[in-house]
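Student: Structural data only, the sequence is not supplied:
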């Protein structure tokens with residue numbers, strides 16, 4: 001039997017190792033870590049692709065970041081318990097939900113100056129949505145299980161919708177349908193934004209504790225991310241479950257990129273699950289990209305396909321007690337950061 005030279009064997013091993021590294025290589029990278037001043041917690045973010053401005057909830061303010069120049073270009077003050085920011089680009093207005101004083105702050109998108117404040121008809125307005133089909137703003141009030149409806153032209157409250165479940169995130173299709181997750185009932189609710197009526201509720205089982213929600217408008221698909229580490233894909237026309245996919249732990253939000261046909265879930269454990277749409281009925285997980293602990297909220301620039309996540313550094317968690325069996329670690333002062341993630345292949 002002819003002997004194989006040792007050098008040849010070593011070269012083969014190197015080639016196999018290189019091939020494995022290339023297969024295992026992530027399709028994403030963290031291109032920037034943008035430090036923002038201030039302390040306290042955070043929640044949703046909203047991206048304005050046209051101006052490259054990222055609106056970031058941060059404690060009692062909203063910071064406006066120019067993602068091209070990597071600098072803050074404005075601050076909207078007095079947003080106590082801020083949760084979300086809805087952008088009405090056709091009206092040059094933004095709407096901010098302030099959970100702690102049950103109000104909505106209205107501001108000018110060009111000048112970033114406050115226009116007015118509106119008192120809502122529920123308790124703890126959390127997610128907020130602008131529906132361009134009706135030119136109405138919907139706040140989803142977590143502690144009162146209802147939605148306050150505001151005329152975006154006049155800044156006046158025009159109605160309240162009794163939802164019958166604890167609302168989390170919401171999306172719309174721009175054609176007369178608004179969808180919202182019910183965290184306590186593991187359902188997605190369909191609202192008619194013209195009649196202000198709940199038309200359907202659909203289960204997201206086997207998903208439990210749904211939080212974030214995204215939509216593929218062209219494909220009529222909803223993506224509901226759930227606390228039991230599942231992403232549930234639903235038909236937006238009839239509520240049928242199309243697919244279920246494993247995602248990371250402590251998920252809070254999700255976005256859909258129609259250009260790449262990818263869905264991203266931001267997981268507080270410190271990962272971002274990347275899901276590829278093969279076709280509107282077939283999906284596959286590409287990877288769980290490492291981000292940073294606490295990075296549970298997410299925004300997407302559909303023009304550049306860059307992704308933004310907000311987080312900070314944390315102190316060690318205190319010891320559990322009977323009164324507080326699962327204590328949260330405190331945020332380290334002046335460590336609030338926006339991660340900019342970009343696809344590299």
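Tutor: Looks like it arrived, so ask away. As the structure is a prediction and not an experimental result, all values here were calculated from the model. Numbering: from 1, shown residues only.
Student: and after the helix or strand bottoming out on mean pLDDT in the chain, which helix or strand comes next?
Tutor: The weakest-scoring helix or strand in the chain, judged by mean pLDDT, DSSP states H and E, is helix 6-24 (a mean of 44). The first helix or strand that comes after helix 6-24 along the chain, using DSSP states H and E, is strand 28-35.
Student: Show me the contact partners of that following strand.
Tutor: Applying Cβ atoms under 8 Å, 6 or more residues apart in numbering, the contact partners of strand 28-35 are 65, 70, 272, 274, 287, 289, 291, 306-307, 335-344. In short, each C-beta sits where N, CA and C put it, glycine included.
Student: switch to 10 Å and redo it
Tutor: Strand 28-35 has contacts (Cβ atoms under 10 Å, 6 or more residues apart in numbering) with 54, 56, 65, 67, 70-72, 264, 272, 274, 286-287, 289-292, 306-312, 334-345.
Student: domain assignment for this protein?
Tutor: According to automatic domain parsing, the chain comprises the domains 30-42+211-315+332-345, 78-203.
Student: For residue 121, which residues are in contact?
Tutor: 102, 139, 141, 144, 146-150, 157, 159-161.
Student: now with 6 Å?
Tutor: Residues in contact with residue 121 (Cβ atoms under 6 Å, 6 or more residues apart in numbering) are 148, 160.
Student: So which of the domains of the chain is nearest residue 50?
Tutor: domain 78-203 (6.5 Å; Cβ to Cβ).
Student: tell me how far that closest one is from the chain's mean position?
Tutor: Its chain's C-alpha centre lies 15 Å from the corresponding centre of domain 78-203 when counted by Cα atoms, centre = their mean, to the nearest Å.
Student: Determine how far the helix or strand harbouring residue 75 lies from the middle of the whole chain.
Tutor: Here residue 75 is covered by strand 71-76, with elements defined by DSSP H and E. A distance of 21 Å separates the centroid of the chain from that of strand 71-76, by Cα atoms, centre = their mean.
Student: again with stretch 222-238
Tutor: Distance, centroid of stretch 222-238 to centroid of chain: 14 Å (Cα atoms, centre = their mean).
Student: still on that earlier bit, adding mean pLDDT, write the domains of the chain out as a markdown table.
Tutor: Output for the domains of the chain, formatted as a markdown table (pLDDT from 0 to 100):
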| stretch | mean pLDDT |
| --- | --- |
| domain 30-42+211-315+332-345 | 96 |
| domain 78-203 | 97 |
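Student: and those as TSV, adding distance to residue 326?
Tutor: Conversion of the domains of the chain to TSV gives the following (distance: least, Cβ to Cβ, whole Å):
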stretch	distance to residue 326
domain 30-42+211-315+332-345	12
domain 78-203	17
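Student: Select, out of those domains, the one closest to residue 324.
Tutor: The closest of the domains of the chain to residue 324 is domain 30-42+211-315+332-345. By Cβ to Cβ, the value is 15.3 Å.
Student: Just give me the neighbour total for the nearest residue to residue 202 once chain neighbours are set aside.
Tutor: Using Cβ to Cβ, 6 or more residues apart in numbering and skipping the chain neighbours, the partner closest in space to residue 202 is residue 239 (2.9 Å). Burial of residue 239 is recorded as 17 neighbouring residues (other Cβ atoms under 10 Å).
Student: Repeat that for residue 135.
Tutor: That count, for residue 135 with other Cβ under 10 Å as the rule, works out to 16.
Student: cool, and residue 118?
Tutor: 21.
Student: same check, this time on the one 5 residues further on
Tutor: Residue crowding around residue 123 was assessed by other Cβ under 10 Å; the count is 13.
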